[in-house]
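Undergrad: attaching a predicted model along with its sequence, questions to come.
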Amino acid sequence: MKTTITTIVVILTIAMNAQRNEQIQTLIDKQEIIELQSLYAQALDKQEWSLLEDVFEEKFTVDFSKWGVPVTKMSITDFIQFMQKTFSTEGLQTQHTMSNFKITISGNTAQSEIYVLAKHKVSNAAGEFYYDMNGYYSETYIKKNGTWKITSIQLNPRWATGDEPSKIFTF
């Protein structure tokens, strides 16, 4: 009887440790995705475009269709060129703040919905212009060799205030 109870206790302890390890790994994965999003925001705000190579897969889906950009599969090189052009307005400063991270992990893949408040200011010879946008990103991710990267990104604006986007962005 004592051996049976000891065996049950050992089995339960092993099962609880395995479950605990899985929960800890899920928390680590979610934190890594949050940090990936922070790196994306830093790349945009500092215009350090090479950082995007650490954020996205080599080829990924971009859905900025609510901004008039067709849904497309892009290489990281093409995306960097697209973002450089879009953010090339003289005197442009931005701040992308992300919050309300809803992340679902499933093995080596994940999905998220992440709120964004993007503030934009242009100050140049043409004047001073402002554009603020509130919305959320819907994204998918893959984990390869222990590293998470975005495989698809969709920007879903909710509302915007300020000047026309054409005063802020170069399309």
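TA: Nice, thanks for sending it over.
Undergrad: who does the longest strand seen in the chain pair up with?
TA: Determined from DSSP state E, the single longest strand within the chain is strand 127-144. Note on strand 127-144: by DSSP bridges, its sheet partners are strand 109-124 (antiparallel), strand 147-162 (antiparallel).
Undergrad: go ahead and flag the most central residue of the protein.
TA: Geometric centre of the chain, nearest residue: Gln37, 3.7 Å, by Cα atoms, centre = their mean.
Undergrad: let me know the helix or strand that it is in.
TA: Take DSSP states H and E as the rule and Gln37 turns out to sit in helix 2-46.
Undergrad: and that helix, what does it pack against?
TA: Applying 3 or more Cβ pairs under 8 Å, 6 or more residues apart in numbering; DSSP states H and E, we find helix 2-46 packed against strand 92-106, strand 109-124, strand 127-144, strand 147-162. For glycine as for every other residue, the C-beta is placed from the backbone atoms N, C-alpha and C.
Undergrad: one more pass at 10 Å, please.
TA: helix 76-86, strand 92-106, strand 109-124, strand 127-144, strand 147-162 (3 or more Cβ pairs under 10 Å, 6 or more residues apart in numbering; DSSP states H and E).
Undergrad: could I get the longest strand of the chain in CSV with only the CA atoms?
TA: Provided in CSV are the C-alpha atoms of strand 127-144 (Å, rounded to 0.1, in the frame of the first residue of the first chain):
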residue,chain,number,x,y,z
GLY,A,127,4.5,73.8,-41.6
GLU,A,128,3.7,71.7,-38.6
PHE,A,129,1.3,68.8,-39.1
TYR,A,130,-0.1,66.1,-36.7
TYR,A,131,-1.8,62.8,-37.2
ASP,A,132,-2.8,60.3,-34.5
MET,A,133,-4.2,56.9,-35.1
ASN,A,134,-5.7,54.4,-32.7
GLY,A,135,-6.2,50.8,-33.8
TYR,A,136,-4.8,47.3,-33.4
TYR,A,137,-2.5,44.9,-35.1
SER,A,138,-3.6,41.3,-35.8
GLU,A,139,-0.5,39.2,-36.3
THR,A,140,0.8,35.6,-36.7
TYR,A,141,4.2,34.3,-35.6
ILE,A,142,6.4,31.4,-36.0
LYS,A,143,9.2,30.2,-33.7
LYS,A,144,12.2,28.8,-35.5
